[in-house]
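Undergrad: Next input, structure requested:
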Amino acid sequence: MSATTLTPAPTALTMDQLFNHWMGHRNLTRKMIEKYPEDQLFTFSIGGMRPFSELVLEFLGMAIPSLHGAAYREWKKEEELPLLAGWTTKPTTKQELLDRWDFTTKELQRIWKDLTPERLQEEDVAFGQWPGTMYWLLMYVIDNEIHHRGQGYVYLRALGIEPPFFWDRL
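TA: Here you go, the predicted model:
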């Protein structure tokens, strides 16, 4: 299927504003990871839901592949991207998870520079199965992180830990 270019709509956010919004959410998620006790980050769950570390790995697995596809029109899964080749094993410590988070953030900053406002308006089929505009795809990645971060808030409160304020994205 070939990409279709839409007529750009009036800008509601600049590229920098959109990216800073996303990075603000990533900053808050990082603070959440830091709040978890080491022994609970990989094990604690409620009602059969996944531990927070598993949710974080989901965010990591979506971010670079999705932005890479949006920017370069090349849809590769996490394990198919050479820069993520060392990610064959899951982190087992909070520091390893934070290091992976920080690496991903730097890569997102690098890739974002190659994404154009016009490309955000284009339709494509992400990973050969999800049709939509590129701004929709990236909003989905952001929304998914926000959604599951809420689960992390419940976990922290159940552990008796005050989570970071949801508006503290610096």
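
Undergrad: phi, psi of Pro131?
TA: phi -80, psi 140 (degrees, to the nearest 10).

Undergrad: tell me which residues form a beta bridge with it?
TA: For Pro131, the beta-bridge partners are Val125 (DSSP bridges).

Undergrad: Report how many residues lie close to it.
TA: Other residues within reach of Pro131, judged by other CB atoms under 10 Å, total 12. (Each C-beta comes from the backbone N, C-alpha and C, glycine too.)

Undergrad: Let me know whether it touches Asp124 as I believe.
TA: Yes. Under the criterion of CB atoms under 8 Å, Pro131 lies in contact with Asp124, with a separation of 7.5 Å.

Undergrad: neighbours around the spatially closest residue to Pro91 that is not a sequence neighbour, how many?
TA: Counting by CB to CB, 6 or more residues apart in numbering, the nearest residue to Pro91 once its immediate chain neighbours are dropped is Leu97, at 4.3 Å. Residues near Leu97, counting by other CB under 10 Å, number 23.

Undergrad: hang on, isn't Leu97 packed against Glu34?
TA: No. Applying CB under 8 Å, one finds Leu97 not in contact with Glu34, separated by 10.0 Å.

Undergrad: which stretches of the chain aren't confidently modelled?
TA: Residues of the chain meeting the criterion pLDDT under 70: 1-11.

Undergrad: Of all the helix elements in it, which one is longest?
TA: Ranked by residue count, the top helix of the chain under DSSP state H comes out as helix 134-158.

Undergrad: Counting by contacts, list what that one packs against.
TA: Applying 3 or more CB pairs under 8 Å, 6 or more residues apart in numbering; DSSP states H and E, we find helix 134-158 packed against helix 15-35, helix 52-72, helix 117-121, strand 123-126.

Undergrad: Out of those, which gets nearest to Glu162?
TA: Closest to Glu162 of those, according to CB to CB: helix 15-35, at 8.1 Å.

Undergrad: chain center to the next helix or strand along the chain from that closest one, what's the gap?
TA: Next helix or strand after helix 15-35 toward the C-terminus (DSSP states H and E): helix 38-41. When distances are taken as CA atoms, centre = their mean, to the nearest Å, helix 38-41 is centred 21 Å away from the chain's centroid.

Undergrad: can you pull the buried residues of helix 38-41?
TA: 40-41 (16 or more other CB atoms under 10 Å).

Undergrad: Show me what it is in contact with.
TA: 33, 51-53, 93-94, 97, 155, 159 (CB atoms under 8 Å, 6 or more residues apart in numbering).
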